[in-house]
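> Predicted model, plus sequence, below.
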Amino acid sequence: MKIKIKSIIYYLTYIYLTFNFIVYINAIVSNLIDYVYIALVSIFLLLYFINSKNKSITKKTLTIPIILMLFVFIQIIFGKFGFFDIFKNSVFAIIACLIFENNIFDNDNRDGKKKIDFIYVITCIYLIYFLISSFANGTLTAKNNSFFLLSMQDKNLSGVIIFLYMCFCYNKKYKFGVILCIIYTIFLHCRMTQIASLLFFGVEYLRNKSILSKVLQFKLFSSMGSKSIYFLIILSQIITIGFSYYCTYNIPISQISNYQESLMDGSNAIRVRANVYAFETIKNDAKFIYGGYDSKIKDQLGVSDINNSTQFMGFRLVQPHSLFLNLALRYGLIYSFIYLMYISHLVSIYWNKRTFASLSAYIFMNMALPYLFSNGYLIFLLFALQSLAYDKISIEKDEVWN
C-alpha cells in the first residue's frame, strides 16, 4: 500500500506533539525534538508541494510568514541578543501556514473505517501509569505543586497541554481520553485550566441544547473574521495589562493572601508585577519597536536564577504572563503586531460553532500565560481542532456528541 506524503506529515506531527508535550522520554530528546520535527516536516512539506498537482503555495498564503522572516534578518543584522528564538518562532509559523491553511490533513486522516489509534493508546497508557505512580509516591495529592507533567516541568503549562489534549480527544470522540484529562485537570489544581475547562464544557453543553440552536446562528458562534479575532486578542491583552496595573498599585501587600486562598495571592501578585515591569520596560526603550531580547530574555530581566531574581514592588520578577508583552519583549512591537495578525488569520479559518468553545477558552488562557500561540503550542492547537475545521457535513448536521 502506497503511503501518502501527507499521511507521513500527519503522523510526524502527531508523534512530535505526543512525545514533546505529553510522554516524557528524557531531557536530551526533549531538547532536540523541536529541531528534528522542523527538519523532517520541512522536507516532506517540500516533497508534498512539489508532487501535488492540485496544491500550490500562493503568494497570499505566505505573505505574512515572509514578512516575519524579514524581521529575522533585521534581528540578525541589528539585534544584540541573537536571533535564534525569533527564527524558530517564524519557522513554526510558516509550518503552521503550510499544513493547516492548505488543509493537508484532509478527510483521509479522519473519515472512513474505524482504525486503532496506536499513538492515542500509548498516550493513555502513559497518562494512566504516570497518574498511578504519582499517587504511589505522594506527588498526586501533595500540596506543594509537585504534580505536573515531566515533559513540561510546570503545573500551569501542564494544564495547557492537558486542555489541548482534551480538546483533541473530544473532537475525535475519544471518550476515555476526555475522562482522563478531566481527572488530570482536577489533580493539577491549576485554576486557569479548571476555569477554561468549565467554560469549554459549559458552552458545549449549551450548544447541544436544541433550544439554543437559534442563538448559535449568530456570527460570533458560527464564524469570525481575522480582524474580529485580532481585536478580541488585543482586547484581552489590554484587559490583562490594565488589571495588572490596578492590582500592582491598588492592592497593598498586606492584603495579598497565601497561595490559592484568593484571586490576589502571592502567585498572581508576582504575575501582575511582571506584566507592569515588562510594559514599563518596553515603553521606556524605543529599540523595542523593531527588536527585543530574543532568547536572552531571562538574562536581561534578571530572572534566570529563581533564588537570585530581580525584585520589583516587593516580589521577585518573572517573565511577563501576557501573550503580547512576552512577544514584544522577545521580538519587538512591529513583529508582535504582525504575528498576532497572522495568528488571527489562522484562527479565523478554524472558527465555527463546533470550535468556538475551544478557541474562546484558549484565548482566555493566553491572558495568563505568555507563549501559547507560538511554536509547538500553535501546532498543537490547530492539530487538536483540524478534524472539525473543514468537516462541513458534520458541522451542518451539528451532530450531538454522545
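Looks like it arrived, so ask away.
> where does the stretch 101-250 of the chain have low pLDDT?
Scanning the stretch 101-250 of the chain for pLDDT under 70 picks out 106-116, 144, 209-224.
> one more time with 50, if that's ok
Residues of the stretch 101-250 of the chain meeting the criterion pLDDT under 50: 108-113.
> Show me where it has its helices.
For the stretch 101-250 of the chain, applying DSSP state H, counting those that start in this stretch gives helices covering 118-137, 155-172, 175-188, 191-207, 219-222, 226-250.
> Could you tell me the end-to-end distance of stretch 275-289?
End-to-end span of stretch 275-289 (C-alpha to C-alpha, to the nearest Å): 18 Å.
> Pick the most buried one from the helices of the stretch 101-250 of the chain.
helix 155-172 (a mean of 23; mean count of other C-beta atoms under 10 Å). C-beta here means a position set from N, CA and C on the backbone, and glycine is covered the same way.
> what's the spacing between that helix and its chain's center?
From the chain centre to the centre of helix 155-172 is a distance of 10 Å (C-alpha atoms, centre = their mean, to the nearest Å).
> Please apply the same query to stretch 329-339.
In terms of C-alpha atoms, centre = their mean, the gap separating the centre of stretch 329-339 from the centre of its chain is 17 Å.
> Report the rounded mean pLDDT for it.
Here the mean pLDDT over stretch 329-339 is 91, rounded to a whole number.
> Name the residues that touch it?
Counting by C-beta atoms under 8 Å, 6 or more residues apart in numbering, stretch 329-339 makes contact with 64, 67-68, 71, 75, 85-86, 89, 93, 278, 281-282, 287-294, 297, 301, 319-320, 324, 327-328, all of which sit outside it.
> Mind checking which of those are in helices?
Secondary structure assignment by DSSP state H places 64, 67-68, 71, 75, 85-86, 89, 93, 278, 281-282, 297, 301, 324, 327-328 of the contacts of stretch 329-339 in helices.
> Just the buried ones from the contacts of stretch 329-339, in PyMOL syntax?
Selecting just the buried residues from the contacts of stretch 329-339 in PyMOL takes one command, with 16 or more other C-beta atoms under 10 Å as the test:
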select buried, resi 64+67+68+71+75+85+86+89+93+278+281+282+288+290+291+292+293+294+297+301+319+320+324+327+328
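> average pLDDT across stretch 360-378?
Stretch 360-378 carries an average pLDDT of 86.
> With just CA atoms, put that stretch into PDB.
Presented in PDB, the C-alpha positions along stretch 360-378 are these (Å, rounded to 0.1, in the frame of the first residue of the first chain):
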ATOM      1  CA  SER A 360     -12.600  31.100  23.200                       C
ATOM      2  CA  ALA A 361     -11.300  29.200  26.200                       C
ATOM      3  CA  TYR A 362      -7.800  29.100  24.700                       C
ATOM      4  CA  ILE A 363      -7.800  32.900  24.100                       C
ATOM      5  CA  PHE A 364      -8.800  33.300  27.800                       C
ATOM      6  CA  MET A 365      -5.700  31.100  28.800                       C
ATOM      7  CA  ASN A 366      -3.500  33.500  26.800                       C
ATOM      8  CA  MET A 367      -4.400  36.200  29.300                       C
ATOM      9  CA  ALA A 368      -2.400  34.400  32.000                       C
ATOM     10  CA  LEU A 369       0.400  32.600  30.100                       C
ATOM     11  CA  PRO A 370       2.800  34.100  27.600                       C
ATOM     12  CA  TYR A 371       3.500  31.900  24.600                       C
ATOM     13  CA  LEU A 372       0.600  29.700  23.900                       C
ATOM     14  CA  PHE A 373       0.200  30.900  20.300                       C
ATOM     15  CA  SER A 374       3.900  30.200  19.500                       C
ATOM     16  CA  ASN A 375       6.000  27.300  18.300                       C
ATOM     17  CA  GLY A 376       4.700  23.800  19.200                       C
ATOM     18  CA  TYR A 377       1.700  25.200  21.100                       C
ATOM     19  CA  LEU A 378       0.400  26.700  17.900                       C
END
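> Now that stretch: buried residues?
Neighbour count says stretch 360-378 has 360-363, 365-378 buried, by 16+ other C-beta under 10 Å.
> same check, this time on stretch 252-266
For stretch 252-266, the buried set under the neighbour-count rule, 16+ other C-beta under 10 Å, comprises residue 256.
> and it, what's its mean pLDDT?
When the per-residue pLDDT values of stretch 252-266 are averaged, the result is 75.
> how far out from the middle of the chain is that stretch?
Centre to centre, stretch against its chain (C-alpha atoms, centre = their mean), the figure for stretch 252-266 is 27 Å.
> What's the end-to-end length of that stretch?
Looking at stretch 252-266, the gap from its leading to its trailing residue is 12 Å under the measure C-alpha to C-alpha.
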